[in-house]
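Novice: Sequence plus the predicted model coming up.
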Amino acid sequence: MAKIIHSMIRVLDEQKSVDFYRTALGLEVADRFPFDGFTLIYLRNPENDMELELTVNHGRAEPYAQGEGYGHVAVAVDNLDAEHQRLSDAGLSPTPIKEFFREGALMARFFFIVDPDQYKIEVLQRHGRYQ
């Protein structure tokens, strides 16, 4: 069986992105590998086996195009309302909390935040399949 170990996104400003993911998701730098033309930064926290890899291409000044294929990364939290308030207080502008129902039962409660490079992150209440 394959195990997912990381997801990679390209970012323009390393420190701005590291600060965002530290504040928003509690991710810290696990490793940082500079190369001649780019730097790889791996972020994680004790909750995760999977890492987020930030790739900074040296000399890049233009924002990356998101394209039509990218959707979002999702994380689950114990208290969605408290997390929404915390992120609001941190100035990260979460979207309003939404709820999805299926066959009359709550399927998901969630909101989105957007990182400095415009990548969407869905924040879900731990519930049902979203653990």
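Specialist: Cool, got the structure.

Novice: How far does the longest helix along the chain sit from its chain's centre?
Specialist: Longest helix of the chain, by residue count under DSSP state H: helix 14-25. Its chain's C-alpha centre and that of helix 14-25 lie 9 Å apart, by C-alpha atoms, centre = their mean, to the nearest Å.

Novice: thinking Ile6 is in contact with Glu53, fair?
Specialist: For residue 6 the amino acid is His, not Ile. Yes. With contact defined as C-beta atoms under 8 Å, His6 reaches Glu53; the gap is 4.7 Å. Glycine gets a C-beta too; all of them are placed from N, C-alpha and C.

Novice: Give me the common contacts of those two.
Specialist: Common contacts of His6 and Glu53, defined by C-beta atoms under 8 Å, 6 or more residues apart in numbering, comprise Tyr42.

Novice: picking that back up, from the contact counts, what lies against the helix or strand that the longest helix of the chain is followed by?
Specialist: Using DSSP states H and E, the next helix or strand after helix 14-25 towards the C-terminus is strand 28-34. With contacts taken as 3 or more C-beta pairs under 8 Å, 6 or more residues apart in numbering; DSSP states H and E, strand 28-34 sits against strand 38-44.

Novice: Could you name the helices and strands sitting against the strand it packs on?
Specialist: helix 14-25, strand 28-34, strand 51-57.

Novice: what's the closest of these to Ala76?
Specialist: Closest to Ala76 of these is helix 14-25 (C-beta to C-beta; 11.0 Å).

Novice: what comes into contact with the closest one?
Specialist: By C-beta under 8 Å, 6+ apart, the residues outside helix 14-25 that reach it are 11, 27-29, 39, 41, 43, 45, 52, 54, 56, 75, 87, 90, 92, 113, 115-117, 121.

Novice: Name the residues of it that come out as buried.
Specialist: 17-18, 20-21, 24-25 (16 or more other C-beta atoms under 10 Å).

Novice: now it: mean pLDDT?
Specialist: On average, the pLDDT along helix 14-25 is 97.

Novice: got the angle between it and strand 38-44?
Specialist: 10 degrees (axes from the mean of the first three to the mean of the last three C-alpha atoms, to 10 degrees).
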